[in-house]
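what's the 3D shape of this:
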Amino acid sequence: MLAFSRINRPFRGLPSLRLGQNSGDKTIAIRRAERRVLERPLSSAQEYRAAPVRSTHVFFGPRVHPRADTRNFATRGMHISEVFNGRGGFTGSSRFYTSSSASISPSRPNLTDSTRPISFRYGNAKFERTLAQPKGVFWVDNTGYIRRLEAVQTETSEAVRLFRPRRFGKSLLVDTLAYYYDRQHKDRFRELFGHLDIGIAPTPLASSFSVLRYDFSNVRTSTPEAFEASLYAKLNEAAEDFRDVYEISFEINKGDGVGSFRNLMRAALKLNHKIFILIDEYDASLNAALQNESSDVIRRMIAPYKMFFSAVKQFSGRGDVRVFVTGTTPLVLTEFTSGFNNAVDLSIAKDFAGMFGFVKTDVAFALKSLADRHPLVLNPTICAALLTHLEKEHNGYRFHHEATEGRYNPTRVLDALVKLSCKLPELSGPVPVYDLLSVLTRDVNSSPAEATLQLVSRTPTADGVVRQLVTAPTSLVTAPDGVRENFNLAHLDLTGDTRALLSFMFYAGALTFASPADSPKINPLEPLRRYFGIPNHVARQEFIDALVSRLNLTPDEQVRLRGAVQVLLETH
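Got it, this is the predicted structure:
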């Protein structure tokens, strides 16, 4: 018998929706009534992990409707372009559409008020300024993945690491986790999370930790001495914040940030605190050092960094300490910390493939919100053209080889939506679509780091990989054993092995898993072989074209390869 936690008054007469593809007889019934969702509270971390999670999206108004992928629109007689012409569920119909990719992409609606203008928050990684706002702000709720994350940390390893390309929402996730698990926000939990998926059915450990946060994005790397001083300043700043918030007494050593961390952990654990350590952008500063410094300088520089992660590893073996690490690639962890080898890597795990980024219907509904405010300018034809442009520019990222639906880079999409929002009030009537597309200039803040480009270009196998990507008929490259979860500079320097380079380019966003439809059928003799392609136009131009100029190619070869890149841009 199904049990429900009831939020607000019950709604009668609406049929239940059953989602049970992978859960046996354990199904979740969903009923809609204004801002109320009834959901079965699952009794254990295992059930939270195994249960299917619905994939829904709502347009910015008082009506609620689920999100579906384009395959389901087709099977139900609807196409993605019909987002803009008012058919069916997109205008508030009570019909439900279930997503066949629900096991990969759980989400919850953004219940916003259509009487208020919708704002798009570009580059904002603050939870209270985005997801915590139930009205007036565009966001996509993927907080349902917290259930899966908690299950992994309960059953497998307290330490988890997860890598994604730049500007993919990692810092917003870290800020969300901080608010969700911090016991300091327990009294505000309903206010902060009540409108979100994870707030409607919280996990057992919500609001039960003392949270210790680190952000290594601005650590100085000019000299080993500067790196050590900057790193220790970061560690001590976080220790001081922790001491002040939780009112714990311990010694902070200005000349030894790792010692301060150890003192903090011992004092807090002695007082029976459960501690959640969040480390954001762990590799943001060190990638440049790997590329520019000699091995001797790097060894001197990295010593305190390695000591810190060793201390984190020491404490994370306990049941009352959890660790979550984000970054761009596993290179630095592998090179200097033995891969932080007690941590589970979720970067290419199927259950977390949809944790970051937007899908096509998210972007379509955002454009629809703008069209409702500017109907004379954004007619259905213009909206469809803008959607096609954004899809070619920013879509196509797949973080599991079985993922059929690509993910959009969320920061780049928000950049485009902000630029459109600023331009539209200046227009009073229809304009050529080119005039609007000309506003959508590239987001320079999300370009690949120069150190990443240099690291790829100095790899012996880079020229062959780039040639294959821009000249082969399928524009795909392959690795017999798939993505490496751990690799270091020595692996990149191997002349006969492209797997490490393809893995590095995958993590950095230059490559992505090819869609199952484009990939050759898997040979039973090579079950781990994976195929990779360039995800979109931006990746083609920012990575591949930039690499062409850095590789050891003759001028004629550079011209031919740039011509091949242009052909790819025009035909994809």
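
tell me which element the residue nearest to residue 185 when sequence neighbours are not counted is part of?
Nearest residue to residue 185, sequence neighbours excluded (C-beta to C-beta, 6 or more residues apart in numbering): residue 179, at 5.4 Å. Bear in mind the C-beta positions are built from the backbone N, C-alpha and C, glycine included. Residue 179 is part of helix 170-181, with elements assigned from DSSP states H and E.

Against residue 127, how distant is the residue nearest to residue 185?
Note on residue 179: its distance to residue 127, by C-beta to C-beta, to the nearest Å, is 5 Å.

shared neighbours of these two, anything?
Both residue 179 and residue 127 are contacted by residue 192, under the criterion C-beta atoms under 8 Å, 6 or more residues apart in numbering.

so what does the helix holding residue 179 touch, helix or strand wise?
In this structure, helix 170-181 makes packing contacts with helix 145-155, helix 189-193, strand 210-215, strand 275-280, strand 321-327, judged by 3 or more C-beta pairs under 8 Å, 6 or more residues apart in numbering; DSSP states H and E.

relative to strand 275-280, how tilted is that helix?
Taking axes from the mean of the first three to the mean of the last three C-alpha atoms, to 10 degrees, helix 170-181 and strand 275-280 form an angle of 170 degrees between their directions.

Just the C-alphas of helix 170-181, formatted as PDB.
The C-alpha coordinates for helix 170-181 follow below in PDB (Å, rounded to 0.1, in the frame of the first residue of the first chain):
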ATOM      1  CA  LYS A 170      29.400  22.900 -10.200                       C
ATOM      2  CA  SER A 171      29.700  25.900  -7.700                       C
ATOM      3  CA  LEU A 172      25.900  26.200  -7.600                       C
ATOM      4  CA  LEU A 173      25.700  22.600  -6.700                       C
ATOM      5  CA  VAL A 174      28.200  23.000  -3.900                       C
ATOM      6  CA  ASP A 175      26.300  26.000  -2.500                       C
ATOM      7  CA  THR A 176      23.100  24.000  -2.700                       C
ATOM      8  CA  LEU A 177      24.600  21.100  -0.800                       C
ATOM      9  CA  ALA A 178      25.900  23.500   1.800                       C
ATOM     10  CA  TYR A 179      22.500  24.900   2.500                       C
ATOM     11  CA  TYR A 180      20.800  21.500   2.300                       C
ATOM     12  CA  TYR A 181      23.100  19.700   4.800                       C
END
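
what does that helix contact?
124-128, 130-132, 143, 146, 162, 164, 185, 192-193, 198, 205-209, 211, 213, 215, 276, 278, 280-281, 324, 326-327, 355-356.

Also stretch 396-405?
69-71, 101, 104-105, 164-165, 347-350, 352-354, 356-357, 359-360, 406-409, 482, 509, 512-517, 519, 530-531, 533, 535-536, 539.

just the buried members of the residues you listed?
Neighbour-count burial (16 or more other C-beta atoms under 10 Å) applied to those gives 69-70, 101, 104-105, 164-165, 347-349, 352-354, 356-357, 359-360, 406-409, 482, 509, 512-515, 519, 530-531, 533, 535-536, 539.

Strands - which of the residues you listed land there?
If you go by DSSP state E, these have 512-513, 530-531, 533 in strands.

okay, and for this structure, where does confidence drop off?
Confidence mapping of the chain against pLDDT under 70 gives the ranges 1-117, 291-295, 338-339, 472-474, 494-496, 552-572.

what ranges do the strands span in it?
17-19, 28-30, 32-33, 36-37, 159-163, 210-215, 275-280, 321-327, 344-345, 476-479, 512-513, 530-533.

Next, the angle strand 275-280 makes with the longest one.
Same thing as strand 321-327. Put simply, strand 321-327 runs at 10 degrees to strand 275-280, going by the same axes, to 10 degrees.
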